[in-house]
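Novice: Provided below are the primary sequence and the corresponding predicted coordinates.
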Amino acid sequence: MSLRMSLSEMQVRKAKPREKAYSMADGGGLYLWVTPAGGKLWRWSYRFEHKEKLMAVGRYPDVSLSQARERHRDARALLASGIDPMAKRKAEKNADKAASENSFQTVAWRWHEHWKTGKSPRHVDYVKRRMDMDILPCLGPRPISEIEAPELVAMTAAIQDRGAIDIAKRALETVGQVFRYGIAHGFCRRNPAADIRSSDFLKTGRKVNYARVDAKELPALLRSIEVYRGTHVTRFALKLLAMTFVRTGELIGAKWSEFDLKSARWDIPAERMKMRTPHIVPLAQQVCEVLQSLHDITGKSEWLFPGDRGSDKPMSNNTILKALERMGYKGRMTGHGFRGVASTLLHEQGYPHEHIEIQLAHSPRNAVSAAYNHALYLEPRSKMMQEWADFLARSRCSTTVIPFPDRAA
């Protein structure tokens with residue numbers, strides 16, 4: 001039996017507020033409730049198990065007259081089948097809320113908030129961007145307890161298909177960390193990432209070492225840096241990389257507050273180091289001279305090498321690489337290559353392996369020994385770094401590599 005509809009769209013639209021709220025019936029218990037403030041609310045009055053109930057159907061004009069009637073018909077059909085429409089709606093809302101709280105995305109953000117403590121801001125931002133771009137679009141809405149290994153394979157394979165094999169591997173590692181967090185906090189019972197290895201389905205590539213020049217090419221490279229036609233700031237960055245052989249990221253992220261020129265020492269905090277332990281770089285006289293000249297240019301910034309688009313961030317990693325390319329060293333030298341050149345030549349000259357390794361910040365993974373070792377052999381390392389800077393200065397003025405001076409064993 002069809003219901004007699006008493007309202008028209010025009011009546012609903014033109015209904016004016018009065019001093020007191022009033023209703024406009026449409027039939028079958030559905031009516032429009034008009035408030036003194038001008039609000040128009042669809043409501044349905046019905047009985048279930050001998051109890052009077054009132055169900056909100058929506059607000060006009062967000063819910064039109066025809067939409068209100070459609071919702072009303074659906075609710076009456078449930079009522080006719082012995083189901084309380086309001087109880088069903090509440091159960092669905094609770095289920096949606098529970099699904100949302102147990103979704104992979106919700107757990108992932110809780111993990112990220114917990115994990116980021118003590119990490120460098122740059123690394124935290126990198127992981128967040130990787131999650132936003134590669135992980136959450138695939139897994140985000142899914143209940144974390146229902147995700148299976150094939151879904152993780154599909155996610156990582158999609159990343160690999162765009163040529164980002166290393167990012168695919170890191171994404172799988174991140175997902176595994178989220179699942180371990182989920183298990184620890186009761187969101188899921190197992191970690192499907194632990195059931196698979198990236199080597200089971202991702203392509204493997206031959207590891208390529210960072211490009212670097214041979215020792216015999218070093219003098220020409222040093223002279224090219226000296227006459228580099230780019231900015232003075234970039235030229236100073238190249239000179240400092242050569243003399244300190246720190247990692248490129250450690251150099252471009254350097255802040256003036258880390259340097260003590262009076263003590264000829266650069267203390268890099270643990271959060272900026274790859275091994276997450278502090279690192280001391282003894283400063284040769286030539287390094288201090290470069291830093292004093294650089295301070296005249298960038299001393300008003302907190303960064304030694306502020307970015308081109310503002311002083312709130314340091315220069316890009318690509319700046320060093322592009323400078324070397326413009327100098328003619330594309331594919332032959334990278335910022336990281338200075339570390340390999342220094343390690344090779346210093347080892348060939350008989351400097352103690354442990355002194356070189358500590359200066360390269362190749363620290364032991366044991367946190368206690370690593371925190372201690374960063375300050376070990378400071379005096380002989382200072383001597384080594386000064387002799388390295390002297391060697392570079394002599395080599396720059398020659399067409400061949402000038403040997404190190406004879407040193408006492």
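Specialist: That came in fine, so what should we check first?

Novice: can we go C-alpha only for contacts and neighbour counts from here?
Specialist: Fine.

Novice: for Leu376, which non-adjacent residue is spatially closest?
Specialist: Nearest-residue entry for Leu376: Ile358, 7.9 Å, with adjacent residues in sequence omitted and distances by C-alpha to C-alpha, 6 or more residues apart in numbering.

Novice: burial count for that neighbour?
Specialist: 22 (other C-alpha atoms under 10 Å).

Novice: so it belongs to a helix, correct?
Specialist: Yes. Assessed with DSSP: H, G, I helix; E, B strand; the rest coil, Ile358 lies in a helix.

Novice: relative to Arg71, how far out is it?
Specialist: For Ile358, the distance to Arg71 (C-alpha to C-alpha, to the nearest Å) stands at 72 Å.

Novice: how about Cys138?
Specialist: To Arg71, Cys138 is 33 Å away according to C-alpha to C-alpha.

Novice: between these two, tell me which one has more neighbours.
Specialist: Cys138 (19 against 15).

Novice: so what does the more buried one have for phi and psi?
Specialist: Main-chain dihedrals, Cys138, degrees, to the nearest 10: phi -90, psi -40.

Novice: chain neighbours aside, what residue packs nearest to it?
Specialist: Met155 (6.3 Å).

Novice: relative to Ile147, how far out is that neighbour?
Specialist: 12 Å.

Novice: quick one: what helix or strand has the residue nearest to Ala389 when sequence neighbours are not counted in it?
Specialist: Using C-alpha to C-alpha, 6+ apart and skipping the chain neighbours, the partner closest in space to Ala389 is Met243 (5.6 Å). Take DSSP states H and E as the rule and Met243 turns out to sit in helix 232-244.

Novice: neighbours around Pro306, how many?
Specialist: Look at Pro306: counted by other C-alpha under 10 Å, it has 23 neighbours.

Novice: which strand residues bridge it?
Specialist: Taking DSSP bridges as the rule, Pro306 bridges to Pro314.

Novice: go on, Ile268?
Specialist: Here Ile268, judged by DSSP bridges, has bridge partners His279.

Novice: residue contacts, Thr156?
Specialist: By C-alpha atoms under 8 Å, 6 or more residues apart in numbering, the contact list for Thr156 reads 168-169, 171-172, 202.

Novice: mind checking pLDDT for the residue nearest to Ala389?
Specialist: In this model, Met243 is scored at 97, pLDDT.

Novice: does it touch Trp388 like I think?
Specialist: Yes. Look at Met243 against Trp388 with C-alpha atoms under 8 Å: they come within range, at 7.0 Å.

Novice: show me how the protein divides into domains.
Specialist: 9-95, 104-200, 215-396 (automatic domain parsing).

Novice: how about low-confidence regions in the stretch 301-409 of the chain?
Specialist: Along the stretch 301-409 of the chain, segments meeting pLDDT under 70 span 309-311, 363-375, 399-409.

Novice: please redo it, this time with the cut-off set to 80
Specialist: Applying pLDDT under 80 to the stretch 301-409 of the chain flags the ranges 308-312, 317, 362-375, 398-409.

Novice: got the contact list for the most centrally placed residue in the chain?
Specialist: Of all residues in the chain, the one closest to the mean position by C-alpha atoms, centre = their mean is Tyr126, 2.0 Å from it. Tyr126 is in contact with no residue at all, counting by C-alpha under 8 Å, 6+ apart.

Novice: surely it forms part of a strand?
Specialist: No. Assigned with three-state DSSP, Tyr126 falls outside any strand and is helix.

Novice: measure it to Ser198 for me?
Specialist: 21 Å.

Novice: now the helices: where do they sit in the stretch 1-150 of the chain?
Specialist: 9-14, 65-80, 85-101, 104-115, 121-130, 136-139, 149-161 (DSSP state H, counting those that start in this stretch).

Novice: take these and lay them out in JSON lines including distance to Pro314.
Specialist: JSON lines is the format used below for these (distance: least, C-alpha to C-alpha, whole Å):
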{"stretch": "helix 9-14", "distance to Pro314": "59"}
{"stretch": "helix 65-80", "distance to Pro314": "56"}
{"stretch": "helix 85-101", "distance to Pro314": "38"}
{"stretch": "helix 104-115", "distance to Pro314": "24"}
{"stretch": "helix 121-130", "distance to Pro314": "11"}
{"stretch": "helix 136-139", "distance to Pro314": "29"}
{"stretch": "helix 149-161", "distance to Pro314": "29"}
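
Novice: mind putting those helices into JSON lines with distance to Pro192 and mean pLDDT?
Specialist: Listed next are the helices of the stretch 1-150 of the chain as JSON lines, based on distance: least, C-alpha to C-alpha, whole Å; pLDDT from 0 to 100:
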{"stretch": "helix 9-14", "distance to Pro192": "55", "mean pLDDT": "92"}
{"stretch": "helix 65-80", "distance to Pro192": "40", "mean pLDDT": "91"}
{"stretch": "helix 85-101", "distance to Pro192": "19", "mean pLDDT": "71"}
{"stretch": "helix 104-115", "distance to Pro192": "13", "mean pLDDT": "92"}
{"stretch": "helix 121-130", "distance to Pro192": "20", "mean pLDDT": "82"}
{"stretch": "helix 136-139", "distance to Pro192": "13", "mean pLDDT": "89"}
{"stretch": "helix 149-161", "distance to Pro192": "5", "mean pLDDT": "88"}
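
Novice: among the ones you listed, which is nearest Ala184?
Specialist: Nearest to Ala184 among the helices of the stretch 1-150 of the chain is helix 104-115 (10.6 Å), distances taken as C-alpha to C-alpha.

Novice: CA atoms only: put that closest one into PDB for me.
Specialist: Extracted in PDB, the C-alpha atoms of helix 104-115 (Å, rounded to 0.1, in the frame of the first residue of the first chain):
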ATOM      1  CA  PHE A 104      46.400  -0.100   8.500                       C
ATOM      2  CA  GLN A 105      46.500   3.700   8.100                       C
ATOM      3  CA  THR A 106      45.500   4.400  11.700                       C
ATOM      4  CA  VAL A 107      48.000   1.900  13.000                       C
ATOM      5  CA  ALA A 108      50.700   3.200  10.600                       C
ATOM      6  CA  TRP A 109      50.400   6.800  11.900                       C
ATOM      7  CA  ARG A 110      50.500   5.600  15.500                       C
ATOM      8  CA  TRP A 111      53.600   3.700  14.700                       C
ATOM      9  CA  HIS A 112      55.200   6.700  13.000                       C
ATOM     10  CA  GLU A 113      54.500   8.900  15.900                       C
ATOM     11  CA  HIS A 114      56.100   6.400  18.200                       C
ATOM     12  CA  TRP A 115      59.000   5.600  15.900                       C
END
